[in-house]
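> just a sequence and a predicted model for now, questions to come.
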Amino acid sequence: MTESEVLIDKRDGLGLITLNRPKAINALNHPMVLAISAALRVWADDDEVRTVVVTGAGERGLCAGGDIVAIHNDAVALRGRSAANADSVTGDFWRDEYILNALIGRYPKPYVVVMDGIVMGGGVGLSGHGSHRIVTERSKIGMPEVGIGFIPDVGGTYLLARTPGEIGTHVALTTARMNAGDAIAAGFADYYVASEHIPALLETLRTETAEIAIAKFATDAPESEILAQQDWIDACYRADTVEEIVDRLRAHGSPEAAKAATELLAKSPVALKVTLRSLRAARVAQSLEEVLDEEYRVSIAALGSHDLVEGIRAQVIDKDRNPQWSPAMLADVTAEQVDAYFVELGDKELGLEASE
């Protein structure tokens, strides 16, 4: 990591973290995760730090997620292996990233994160578990994993499973993007601040508490488009299987439901089924740590899969947008294939729940 990929500073009572890879929309890599974790751990016991503030450099977004080209390269080398993936470069990255997500979720001081622009995947992990989550009119938030043959992680299934009704299931299976109003309605964010006021907000945080500073600039968020569609979303997505969800979407009759069915069917069939199971398990989980432990098992299994390699190839490497999923059809995904994603890893478990 070059020194400038994440800027860490302490002044005026603030612990300042700036993701600084603007050309990559501040995509996370392993050294960045380690640097952020180290700073947060020090600041937790530092009386000179009153509030942590997280922002992203550039105009495009807070964070587009993890460095999936690096993940693709690792996955190509590891394809076909199972728990051994936990010893891989990517396995190490995910382990430390999920530990960071848990740290954020239980952070003892105000954690103010500006979710301006694009916030996807790993960016949600950095922001969605914080105490003061700010969105703007430019915010575009989502978990696009099933589109690359992966499954929502970084505690994403915990957040998705706790949205009103089945909104999280819709967002996960179609990779729908949420705007500011959607994100607040879905529980991914807390406050709406116009982007033009963010610099003044950050300045005010130097002299005021997080609550007082944000209150000076926060206004009512735009109405949530996705919340307005909750009736048909709940009716279709409360089904127990992906196949039944598709059937309900097609039978509903609304153009929005028909569009959702088309979008869903373009995604990895096995990733869809694993994701639905993950969401249902996360809904009854007792803690973020419990969910992260399971997400780690699922992610390690995905790292050895055909669909993760193929999905990243189609979307990012070759950009032909024509992934050849295997199995290609939902009906061809077996229960055994889904079960394989949830196998415990023995002494390679993440183990966050046990350390609570």
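Ah, there it is. Numbering: from 1, shown residues only.

> so what pLDDT did residue 77 get?
Looking at residue 77, its pLDDT is 82.

> which residues touch the spatially most central residue of the chain?
Closest to where the C-alpha atoms of the chain average out (CA atoms, centre = their mean) is residue 121, at 3.3 Å. In this structure, residue 121 makes contact with 64, 65, 66, 143, 144, 145, 153, 154, 156, judged by CB atoms under 8 Å, 6 or more residues apart in numbering. Bear in mind the C-beta positions are built from the backbone N, C-alpha and C, glycine included.

> make a PyMOL selection of the buried ones in those residues.
Of the contacts of residue 121, the buried ones go into a single PyMOL selection, burial set by 16 or more other CB atoms under 10 Å:
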select buried, resi 64+65+66+143+144+145+153+154+156
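
> by pLDDT, give me the weakest of the contacts of residue 121.
Per-residue pLDDT puts residue 66 lowest of those, at 91.

> so what's it up against?
27, 28, 29, 93, 97, 121, 122.

> hmm, the second one is touching residue 62, no?
No - Residue 28 lies out of contact with residue 62 (CB atoms under 8 Å); the separation is 10.6 Å.

> and the gap between the residue nearest to residue 197 when sequence neighbours are not counted and residue 211?
Nearest in space to residue 197, with sequence neighbours left out and distances taken as CB to CB, 6 or more residues apart in numbering, is residue 217 at 4.5 Å. Noted for residue 217: a distance of 12 Å to residue 211, by CB to CB, to the nearest Å.

> which of these two has more neighbours?
With neighbours defined as other CB atoms under 10 Å, residue 217 and residue 211 compare such that residue 217 has more, 18 against 9.

> buried sites along the helix or strand hosting residue 232?
Assigned by DSSP states H and E, residue 232 belongs to helix 230-237. Burial within helix 230-237, assessed by neighbour count using 16+ other CB under 10 Å, is assigned to 230, 232, 233, 236, 237.

> could you export those residues as TSV, including pLDDT and distance to residue 9?
Formatted as TSV, those follow (pLDDT from 0 to 100; distance: CB to CB, whole Å):
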residue	pLDDT	distance to residue 9
230	97	42
232	98	47
233	98	42
236	98	47
237	98	43
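
> which secondary structure elements does the helix holding residue 232 contact?
Using 3 or more CB pairs under 8 Å, 6 or more residues apart in numbering; DSSP states H and E, the elements in contact with helix 230-237 are helix 167-174, helix 242-252, helix 255-265.

> three-state assignment of residue 129?
coil (DSSP: H, G, I helix; E, B strand; the rest coil).

> please report phi then psi for the closest residue to it other than its chain neighbours.
Spatial nearest neighbour of residue 129, excluding adjacent residues (CB to CB, 6+ apart): residue 105 at 3.9 Å. Main-chain dihedrals, residue 105, degrees, to the nearest 10: phi -60, psi -30.

> what about residue 105, neighbour count?
21.

> pretty sure residue 35 sits against residue 8.
Yes - the criterion here is CB under 8 Å, and residue 35 meets it with residue 8 at 6.4 Å.

> would you mind listing the buried residues in the helix or strand of the chain with the lowest mean pLDDT?
Counting by mean pLDDT, DSSP states H and E, the chain has its least confident helix or strand at helix 68-78, which shows a mean of 85. Buried residues in helix 68-78, counted by 16+ other CB under 10 Å: 68, 71, 72, 73, 74, 75, 78.

> same thing with stretch 286-293?
For stretch 286-293, using 16+ other CB under 10 Å, the buried residues are 288, 289, 290, 291, 292, 293.
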